[in-house]
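Visitor: show me the folded form of this:
(one chain, ligands or ions: 1)
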Amino acid sequence: MNVWIRRTTKRVECRYCGRFIETGEYQVVCTYFMPLKNSSRVWKKQMHFHAKEPYCWVERAITELAMRPRVENRGGVALDISDEVREKRNKVLRRRASVMQRIGAEFEGRQRMPVITHLTEMLENMKLEIESLGGIPKSWA
Ligand SMILES: [Zn+2]
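Guide: Next comes the predicted model:
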C-alpha cells in the first residue's frame, strides 16, 4: 500500500466521511495493489481522504489499526535457504546493483548502445543464476 498527500486538483469524494474534498484542499491518497490470479497484471485501487480538517485519514487509520491484529512483517518473508546459498545469492544481488548503476551512468553519459546491450545481457544472465539460489526477487520483474 502506498500513502501520500497531495493538493486536490479535481474534487473527489472522501472515502471516510462521504463528503467532497474540494479543489485546493489537501487529501491523503492510499493506493492498494493486489496481484491478479493467473495473470502478471496488478489490480490497483485508490482511496481519497480529507487530510486536514476534518482529519479523515487519521480517523480511518485508527479505526483500521483497531480492527487489525498486529503482524510483524518488516523486511518481508525470509527465504528458506542455507547460509552458503544465501552468500552466493547476496553476491549476485550486489553485482546486479552495480550493473544497474553502470546502466544508469551510461544512459546519463555516453549512451553507448553496445555497452548498454552488454550490461542488459548481464542482467538476464543473473536472472538465470539467481533462479537456482532461492528464486528471482519480485523487484526484478
Ligand atoms: Zn472526509
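Visitor: assign His48 to helix, strand or coil.
Guide: Three-state call for His48 (DSSP: H, G, I helix; E, B strand; the rest coil): strand.
Visitor: how many other residues sit next to it?
Guide: Per other Cβ atoms under 10 Å, the neighbour tally for His48 reads 21. C-beta coordinates here come from the backbone N, C-alpha and C atoms, glycine included.
Visitor: before we move on, what about the one 4 residues further on?
Guide: Burial of Lys52 is recorded as 13 neighbouring residues (other Cβ under 10 Å).
Visitor: from what I see, it and Val28 are in contact.
Guide: No: assessed by Cβ atoms under 8 Å, Lys52 is found out of contact with Val28, at 9.2 Å.
Visitor: quick check: residues of this structure near the ion?
Guide: For the chain, the residues found near the ion under the criterion Cβ under 5 Å from the ion are Cys14, Tyr16, Cys17, His50, Cys56.
Visitor: can you do 6 Å?
Guide: Cys14, Tyr16, Cys17, Arg19, Phe49, His50, Pro54, Cys56 (Cβ under 6 Å from the ion).
Visitor: export those to a markdown table and tack on pLDDT?
Guide: Putting the residues of the chain next to the ion into a markdown table (pLDDT from 0 to 100) gives the following:
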| residue | pLDDT |
| --- | --- |
| Cys14 | 95 |
| Tyr16 | 92 |
| Cys17 | 93 |
| Arg19 | 95 |
| Phe49 | 94 |
| His50 | 94 |
| Pro54 | 90 |
| Cys56 | 90 |
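Visitor: which residues touch the lowest-mean-pLDDT helix or strand in the chain?
Guide: Every helix and strand in the chain was compared by mean pLDDT, DSSP states H and E; the lowest is helix 56-67, with a mean of 82. Contact partners of helix 56-67, identified using Cβ atoms under 8 Å, 6 or more residues apart in numbering, comprise Cys14, Arg15, Tyr16, Cys17, Val28, Cys30, Phe49, His50, Ala51.
Visitor: after that helix comes which helix or strand?
Guide: Where DSSP states H and E defines the elements, the next helix or strand beyond helix 56-67 is helix 83-108.
Visitor: which other helices and strands contact that following helix?
Guide: In terms of contacts (3 or more Cβ pairs under 8 Å, 6 or more residues apart in numbering; DSSP states H and E), helix 83-108 is packed against helix 113-131.
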